[in-house]
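1. Attaching a predicted model along with its sequence, questions to come.
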Amino acid sequence: MIRLGVNIDHVATIRQARGADEPDPVWAAVEAELGGADTITFHLREDRRHVSDRDAEVLRRTVAGRLNMEMSSDAGIVRIALRLKPHQCTLVPERRQEVTTEGGLNVVAHAARLRGVVRRLRGAGIEVSAFIEPDAAQVRAAAKCGFNAIELWTGGYAHARTRAQTERALRSLGEAIDVAHESGLVVHAGHGLTYRNVDAVAALAGFTEFNIGHSIVARSVFVGMREAVREMKRLLDRASQHHVAIVDAEDLLGHNG
């Protein structure tokens, strides 16, 4: 069964918009777990634009299931991760001007630095994942750096505007999954996935977990966090019953609407 990781960053974003103390992302995490979330994901950015150090500390003490900390390879953030010891750390690129994480980490270019960070985190008993684009060279570089897992950036699929672009994106994801499994990596996915578009990606065989944030938080405004998570879980479960290997993308898109 595919795990669902719920990213609670955007709950903190709403709070920070008013400089208030609500809504509380920790409360959102509890509600998400009650709705069936398998993992709670948060991104502790260097500029602390949404999730704070206090949030991270309380999340570590509160979350009953898996806790996934998205993070840069900054030395100060690494020290915090080593102290918190979440179940997993996902290394992501981080730029101050971006609204959200766009694109994957360039493991090929930064392998020497990342190898040391991965070694320290894994030495503390933390699983380590790389958020990368579905590119064979990046997948193999992640394996060589010692990552346990990768999270494939699904933005190419989510932002596709034509059927041809969608088909190419799905094929790239399927091929990256195969390379990852050949390299001994666990495969996760995330970015831009919504209730409307998740079916075709979740139908690809080989994913262990999907990390979804904005769409679930947006849906929770209308139905509550528990129900929003339940709805996404149902979609993932339904899609996983129709797993396919490297896809005939046109057939897959036709099956899923």
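-> Thanks, I have it.

2. Hmm, A239 and A202 touching each other?
-> Yes: in this structure A202 lies within contact range of A239 using Cβ atoms under 8 Å: 3.5 Å. Bear in mind the C-beta positions are built from the backbone N, C-alpha and C, glycine included.

3. These two: who's more crowded?
-> Shown here are A202 and A239; by other Cβ atoms under 10 Å, A202 has more neighbours (24 against 21).

4. Name all residues that make contact with that one.
-> A202 makes contact with 2, 210, 235-236, 239-240, according to Cβ atoms under 8 Å, 6 or more residues apart in numbering.

5. Can you give me the separation between it and S183?
-> Distance of A202 to S183, computed by Cβ to Cβ, to the nearest Å: 22 Å.

6. try K144
-> Distance of K144 to S183, computed by Cβ to Cβ: 8 Å.

7. For the closest residue to G156 other than its chain neighbours, pull up the helix or strand it's in.
-> Of all residues not flanking G156 in the chain, A169 sits nearest, at 4.2 Å (Cβ to Cβ, 6 or more residues apart in numbering). Secondary structure from DSSP states H and E places A169 in helix 163-182.

8. by contact count, what packs against that helix?
-> helix 136-145, strand 149-153, helix 155-158, strand 186-190, helix 198-202, helix 249-255 (3 or more Cβ pairs under 8 Å, 6 or more residues apart in numbering; DSSP states H and E).

9. which one of the ones you listed is the most hemmed in?
-> Neighbour counts (mean count of other Cβ atoms under 10 Å) averaged over each of the helices and strands packed on helix 163-182 peak at strand 149-153, with a mean of 27.

10. Show me what it is packed up against.
-> Packed against strand 149-153 by the contact rule (3+ Cβ pairs under 8 Å, 6+ apart) you find strand 127-132, helix 163-182, strand 186-190.

11. ranges for the helices of the stretch 1-150 of the chain?
-> Secondary structure of the stretch 1-150 of the chain (DSSP state H, counting those that start in this stretch): helices located at 9-18, 25-34, 53-62, 75-84, 111-123, 136-145.

12. can you redo the ones you listed as JSON lines with distance to G103?
-> What follows is the helices of the stretch 1-150 of the chain, written out as JSON lines (distance: least, Cβ to Cβ, whole Å):
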{"stretch": "helix 9-18", "distance to G103": "17"}
{"stretch": "helix 25-34", "distance to G103": "25"}
{"stretch": "helix 53-62", "distance to G103": "24"}
{"stretch": "helix 75-84", "distance to G103": "19"}
{"stretch": "helix 111-123", "distance to G103": "16"}
{"stretch": "helix 136-145", "distance to G103": "11"}
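
13. Highest mean neighbour count out of those?
-> helix 25-34 (a mean of 22).

14. can you dump the C-alpha coordinates of it into CSV?
-> Written as CSV, here are the backbone C-alpha positions of helix 25-34 (Å, rounded to 0.1, in the frame of the first residue of the first chain):
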residue,chain,number,x,y,z
PRO,A,25,0.8,23.4,12.1
VAL,A,26,1.2,20.9,15.0
TRP,A,27,-2.5,20.7,15.4
ALA,A,28,-2.8,20.2,11.7
ALA,A,29,-0.4,17.3,11.9
VAL,A,30,-2.4,15.6,14.6
GLU,A,31,-5.6,16.0,12.5
ALA,A,32,-3.8,14.7,9.4
GLU,A,33,-2.7,11.6,11.3
LEU,A,34,-6.2,11.1,12.6
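
15. mind listing what E227 touches?
-> 35, 220.

16. Next, the angle from the helix or strand harbouring it to helix 25-34.
-> Here E227, judged by DSSP H and E, is contained in helix 225-240. Going by axes from the mean of the first three to the mean of the last three Cα atoms, to 10 degrees, helix 225-240 is angled at 50 degrees with respect to helix 25-34.

17. From what I see, H191 and G156 are in contact.
-> No: counting by Cβ under 8 Å, G156 is not a contact partner of H191; they are 9.0 Å apart.

18. Who is the most centrally placed residue in the chain paired with across the strands?
-> Centroid-nearest residue in the chain: N211, 3.6 Å away (criterion: Cα atoms, centre = their mean). Under the criterion DSSP bridges, N211 forms beta bridges with G5, G190.
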